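below are the sequence and a predicted model for it; my questions follow.
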Amino acid sequence: MKYLIKYFIDVAVLVFLYAFVFFRRWRAQGRDILLVNTLMYVYLSLVLYVTMMPVIVSIPFMLDHPYKPMNLVPFIDVSLGRGDFFRQVFLNVIMTMPFGFLFPLTNGKRAKFGVAVFFCFLMSLGIELLQPFFDRSSDITDLITNVIGGALGYGLYAIFKPAAFWVLERLKTS
């Protein structure tokens, strides 16, 4: 129960931010903007849950353990036979595919491939640099596979772009 309360605090803060800051702003911009931005917010909240939480209750203890630097040898787990490497790669790719798909939708038709992949890289780098503060490991392989996932997600966006914008146009007019 005590463990769940740690997560509850973070989730409560995320819900509060959405309800009292973002929802009002996005709703005023239209239903299409509200939908896309809400999907991105929920997605980023889930990424935060998987990669960093609990955050708020961990802040006082962030410096109570030594900072473990990022493993900078790409794909070392394969050569050392550590863990379930292919599962980890698959999950990291899958985790960031929604970012590659949703990022261009949140930025209208302006977001190009390079911009979407760059922001996916920044998100992943931020996570990897912050994880050791929350007593989690950090790995360059995760960064690489996350960027690949973002690129694949953008590829799906490019394929489904007409359908996605058709749905968003329908939301504007209804």
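Yep, it's here.

C-alpha from now on. contacts and neighbour counts both.
Noted.

show me where the protein has helices.
Per DSSP state H, the chain carries helices over the ranges 2-17, 23-28, 31-51, 76-80, 85-106, 113-130, 140-173.

low-confidence ranges, the chain, go.
Low-confidence segments of the chain (pLDDT under 70): 1, 109.

if you set the cut-off to 90 instead, what comes out?
Applying pLDDT under 90 to the chain flags residues 1-6, 57-58, 61-71, 75-86, 107-111, 134-137, 165, 168, 171-174.

spatially nearest residue to Lys112, not counting backbone neighbours?
Pro104 (7.3 Å; Cα to Cα, 6 or more residues apart in numbering).

so who does that neighbour touch?
Pro104 sits next to Arg110, Ala111, Lys112, Ala116, Tyr154, Tyr157 when contact means Cα atoms under 8 Å, 6 or more residues apart in numbering.

by neighbours, which of those residues wins?
Neighbour counts for the contacts of Pro104 peak at Tyr154, which has 27 neighbours (criterion: other Cα atoms under 10 Å).

list the residues that contact that residue.
Shown in contact with Tyr154 (Cα under 8 Å, 6+ apart): Met97, Gly100, Phe101, Pro104, Phe113, Ala116, Val117.

distance to Ile127 added to those residues, as a markdown table?
As requested, the contacts of Tyr154 are exported to a markdown table (distance: Cα to Cα, whole Å):
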| residue | distance to Ile127 |
| --- | --- |
| Met97 | 16 |
| Gly100 | 16 |
| Phe101 | 19 |
| Pro104 | 21 |
| Phe113 | 21 |
| Ala116 | 17 |
| Val117 | 15 |
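
alright, that wraps it up for me.
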